[in-house]
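Undergrad: Any chance you can model this:
(2 chains)
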Amino acid sequence: MSFIVRKSLRALFSIVFIVTAIFLLMRLAGDPALAILGPDDFPPAVLADFRALWGLDQPVWRQYLDYLANAATGHFGRSFVDNRPALTVVLERLPGTLFLMATALIITLLIGVPAGIIAALKRNHPWDVAVSGAAVIFQATPNFVLGIGLVLVFSVWLRLLPSAGTESWQHVVLPAITFGASNAAIFARFVRATLLDVLRQPYMLAAAARGLSPRILLLRHALPNAGLPLLTILGFSLGGMVAGSIIVETIFAWPGVGRLTATSVGFRDLAVIQVVALFTMTAMVLTNLAVDLLYTVLDPRIRLSGGPR
Amino acid sequence: MTARSVFLQLCAAGLAGCVLVTLTVDLLPLADPRAMDLRARLQPPLLFGGDWAHPLGTDELGRDILARALHGLRLSFALAIFGTLAGAVLGTVLGFLAAHFRGLVDDILMILIDIQAAIPFFLIAVIVVAVFGASFALFIGLMAVYGWERYARLARASALSAAEQGYAEAVRGLGAGPVRLYARHILPNVSSPLIVGATLNFPETVLLESSMSFLGIGVQPPMVSLGNMVGYGQDYLITAWWISATPAALIFSVTVAMAFLGDALRDRLDPSHR
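TA: The predicted structure is shown next:
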């Protein structure tokens, strides 16, 4: 029980820290009135009005409290590019990114995990060499290099698949592969390593000595034990996917949060960037918390001993 | 000799060749990477109908791709070496501070490490660039901070266990101050895991640099980086694929070779991985 409380408090602290850090970062950037309106385009009276409107003439602690209150009620300011609420701008791009993430997760679970299992079971066999080698290559290749390579081969050279847009299922293939490949590679390597570790444990020897078939050994004893650590890496891979989406969506002109982030950086659309930052970072902290809590449900060792560390 | 070790030696030889080329790039008979020649725009590489004047072709402004790729490789290596060293120094100092003061300092640092570890640095870098605007100084600063949390965790743990040992006690008893104790005695004793960590971190620093440059928020023109070559060449994928493909192939070869070598290094240091 104390484990859950401790983890939750830590997550709460992290979120407060992130929100505060983003507030300070935005203030460090200089006077938001100048950043948003530009010093040359507006007379001083307009700038003063703007500051009064957004409470920028108040002391910093007052601004911070207002900021927290606004964030809590879903007011994040307006996009500097088209003057719509920043929250709306981000939310309408969210489905595109979630869709890509889902395809990447499917590729990971359908290709990465089985490949890792095969590599572990056929250790040092050509299968293992092939899987492990491919995993190193796909994990090491930067997203943008893989994406450009796929476009060159499949769009420019073979003319099989489109390189940008969202009109049909063919448009999904290249971004999904680019997005999913490194994740699948990470999972394949991780599954192989943990499964090899589990296969070495004394309880596997004991189970084999009881005369269980290799099939039962694998399905009932090895995989459940090897599967648990996968949760941790699933939590971390969300962060990798958010970072990757910025690159992949930019290459394939995919209308998601990642491409919105990249274009907003270009325009220095701080309101939108702030919403993206708050949401993604909070999502990562909460995902890690959910993983920790799931652990306590799935692994009695943690529940009973009061948690790792 | 097994096929695996032959392959690893090829990787090492290729990387050594890259390092040698980047060290001597000014001495090589290459074109000026910034010299434009609008009469020789979009020339294909040698095997695809080009000529010896530009063995790997030219870009949309008639600049020599071979010269640009090698200069880009040099800048990428230089930035990654700087970023790795700076991150190691920063992280180690913070880790030692936490180990020395313990208590509240240690708690705060550990929480910061956890937060940093949970959020990809690339995302933070993108946000920081959005707030302050892209500049080379900011980019250098971000490269320097990258990876600090791993070194900090490592240095803190090593320093905590080293401080328990007799030699630390003896040095303290002889009247050495904390700076001398950590810099002259504890650091040499805990340096090997830090050096290994830095070696394994180097490819990721290359990745951060090239990804940011690809997005146009890292190395800015007229400076050449492999990442920004791929990024600006993207508009010419159909008409002049070599502008993007050449630097992309170079990044691919270098990162994959480093990954295989890093893997072998990890296997050697930690036999339980095998």
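
Undergrad: For chain B, what's its nearest residue on the stretch 51-200 of chain A.
TA: Residue nearest to chain B within the stretch 51-200 of chain A (Cβ to the nearest Cβ): residue A:140, separated by 3.4 Å. Just so you know, the C-beta spots here come from the backbone N, C-alpha and C atoms, and that holds for glycine as well.

Undergrad: Just give me the neighbour total for that residue.
TA: Residue A:140 has 24 neighbouring residues, counting by other Cβ atoms under 10 Å in any protein chain shown.

Undergrad: ditto for the one 5 residues further on
TA: Applying the criterion other Cβ under 10 Å, we find 29 residues in the vicinity of residue A:145.

Undergrad: Look up phi and psi at it.
TA: phi -70, psi -40 (degrees, to the nearest 10).

Undergrad: go on, residue A:81?
TA: Taking degrees, to the nearest 10, you get phi -80, psi -50 for the backbone angles of residue A:81.

Undergrad: That one contacts residue A:266, doesn't it?
TA: No - look at residue A:81 against residue A:266 with Cβ atoms under 8 Å: they stay out of range, at 9.9 Å.

Undergrad: Could you look up the SS state of residue B:220?
TA: Classification of residue B:220 by DSSP: H, G, I helix; E, B strand; the rest coil places it in coil.

Undergrad: contacting residues around it?
TA: By Cβ atoms under 8 Å, 6 or more residues apart in numbering or on different chains, the residues touching residue B:220 are B:134, B:136, B:228.

Undergrad: Pretty sure residue A:58 sits in a helix.
TA: No - remark: residue A:58 does not belong to a helix; assigned using three-state DSSP, it is coil.

Undergrad: Not counting residues beside it along the chain, what's closest to it?
TA: Among residues not flanking residue A:58 along the chain, residue A:66 sits closest, at 7.3 Å (Cβ to Cβ, 6 or more residues apart in numbering or on different chains).

Undergrad: Buried ones among the contacts of residue B:220?
TA: Neighbour counting with 16 or more other Cβ atoms under 10 Å in any protein chain shown marks B:134, B:228 as buried within the contacts of residue B:220.

Undergrad: Give me the neighbour count for residue 115.
TA: Reading this off chain A. 24.

Undergrad: wrong one, I was asking about chain B
TA: With other Cβ under 10 Å as criterion, residue B:115 counts 20.

Undergrad: Which residues lie in contact with the closest residue in space to residue B:12 that isn't next to it in sequence in this structure?
TA: Of all residues not flanking residue B:12 in the chain, residue B:261 sits nearest, at 6.2 Å (Cβ to Cβ, 6+ apart). Counting by Cβ under 8 Å, 6+ apart, residue B:261 touches B:8, B:11, B:12, B:15.

Undergrad: Thought residue B:257 was touching the second one, still the case?
TA: Yes - with contact taken as Cβ under 8 Å, residue B:11 and residue B:257 are classed as touching, separated by 4.0 Å.

Undergrad: Tell me where the chain is predicted with low confidence.
TA: As the question left the chain open, I've gone with chain A. Across chain A, the ranges flagged by pLDDT under 70 are A:1, A:29-41, A:53-55, A:302-309.

Undergrad: That was the other one, I meant chain B.
TA: Checking chain B against pLDDT under 70 turns up B:1, B:270-274.

Undergrad: tell me, how many neighbours does the residue in it that chain A sits nearest to end up with?
TA: For chain B and chain A, the shortest gap (Cβ to the nearest Cβ) falls at residue B:259, measuring 3.4 Å. By other Cβ under 10 Å, the residues close to residue B:259 number 20.

Undergrad: check contacts around it.
TA: Counting by Cβ under 8 Å, 6+ apart, residue B:259 makes contact with A:136, A:137, A:139, A:140, B:203.

Undergrad: same question, residue A:4
TA: The contact partners of residue A:4, taken as Cβ under 8 Å, 6+ apart, are A:293, A:296.

Undergrad: Quick check: it vs residue B:46, distance?
TA: Using Cβ to Cβ, to the nearest Å, residue A:4 is found at 65 Å from residue B:46.

Undergrad: about what we covered before: which of the contacts of residue B:261 are buried?
TA: B:8, B:11, B:15.

Undergrad: Determine the three-state secondary structure at the second one.
TA: By that I understand residue B:11. Assigned with three-state DSSP, residue B:11 falls in the helix class.

Undergrad: coming back round to it: turn the contacts of residue B:261 into CSV, including distance to residue B:94.
TA: Below are these laid out as CSV (distance: Cβ to Cβ, whole Å):
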residue, distance to residue B:94
B:8, 34
B:11, 33
B:12, 33
B:15, 31
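
Undergrad: any idea which element residue 149 lies in?
TA: Going with chain A. Remark: residue A:149 resides in helix A:143-150, with elements defined by DSSP states H and E.

Undergrad: not what I meant, chain B
TA: Going by DSSP H and E, residue B:149 is part of helix B:148-163.

Undergrad: Briefly note if that helix comes near chain A.
TA: No - contact of helix B:148-163 with chain A is not found when judged by Cβ under 8 Å from any Cβ of the partner chain; the minimum separation is 12.6 Å.

Undergrad: Could I get the CA-only coordinates of that helix as PDB?
TA: Taking Å, rounded to 0.1, in the frame of the first residue of the first chain, the C-alpha atoms of helix B:148-163 are listed here in PDB:
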ATOM      1  CA  TRP B 148      23.800  14.100 -17.800                       C
ATOM      2  CA  GLU B 149      21.300  11.900 -15.800                       C
ATOM      3  CA  ARG B 150      23.100   8.600 -16.700                       C
ATOM      4  CA  TYR B 151      26.500   9.900 -15.700                       C
ATOM      5  CA  ALA B 152      25.000  11.500 -12.600                       C
ATOM      6  CA  ARG B 153      23.400   8.200 -11.500                       C
ATOM      7  CA  LEU B 154      26.600   6.300 -12.200                       C
ATOM      8  CA  ALA B 155      28.900   8.800 -10.500                       C
ATOM      9  CA  ARG B 156      26.700   9.100  -7.500                       C
ATOM     10  CA  ALA B 157      26.500   5.300  -7.000                       C
ATOM     11  CA  SER B 158      30.200   4.800  -7.500                       C
ATOM     12  CA  ALA B 159      31.100   7.700  -5.200                       C
ATOM     13  CA  LEU B 160      28.800   6.500  -2.500                       C
ATOM     14  CA  SER B 161      30.500   3.100  -2.500                       C
ATOM     15  CA  ALA B 162      34.000   4.500  -2.800                       C
ATOM     16  CA  ALA B 163      33.500   6.800   0.100                       C
END
